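1. this is the structure alone, sequence omitted:
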């Protein structure tokens with residue numbers, strides 16, 4: 001598996017959607033794209049401090065948005 005940073009165009013689309021942009025920018029630090037052996041690309045998070053609830057939920061929301069964008073779905 002090859003890991004890649006989340007592309008800027010995906011980050012921009014997510015930032016247009018969320019209200020807490022500072023928290024989303026922090027969440028992006030924990031999100032990566034993973035290219036699997038079959039060529040498919042998935043979104044992966046590496047976040048362990050689940051006691052930081054606000055950031056944890058933003059990470060999960062951003063992962064969901066990024067995955068939907070990759071599939072060509074609308075996030076509005």
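-> Received, thanks. These figures come from a predicted structure and were not determined experimentally.

2. for residue 52, give its distance to residue 38.
-> Remark: distance between residue 52 and residue 38 (C-beta to C-beta, to the nearest Å) = 34 Å. No exception for glycine: its C-beta is placed from N, CA and C like everyone else's.

3. compare these two (neighbour count), which wins?
-> Here residue 52 and residue 38 are compared on neighbour count by other C-beta atoms under 10 Å; more neighbours surround residue 52, at 13 against 5.

4. can I assume residue 41 is in contact with residue 33?
-> Yes. Residue 41 is in contact with residue 33 according to C-beta atoms under 8 Å; the separation is 5.5 Å.

5. what do those two both touch?
-> Common neighbours of residue 41 and residue 33 are listed as residue 70 (criterion: C-beta atoms under 8 Å, 6 or more residues apart in numbering).

6. which one of those two is surrounded by more residues?
-> Comparing residue 41 with residue 33 by neighbour count (other C-beta under 10 Å), the higher total belongs to residue 33, at 18 against 13.

7. mind telling me what element the more buried one is part of?
-> Taking DSSP states H and E as the definition, one finds residue 33 inside strand 31-35.

8. from the middle of its chain, how far away would whichever helix or strand comes after that strand be?
-> Moving toward the C-terminus from strand 31-35, the first helix or strand encountered (DSSP H and E) is strand 41-45. When distances are taken as C-alpha atoms, centre = their mean, to the nearest Å, strand 41-45 is centred 8 Å away from the chain's centroid.
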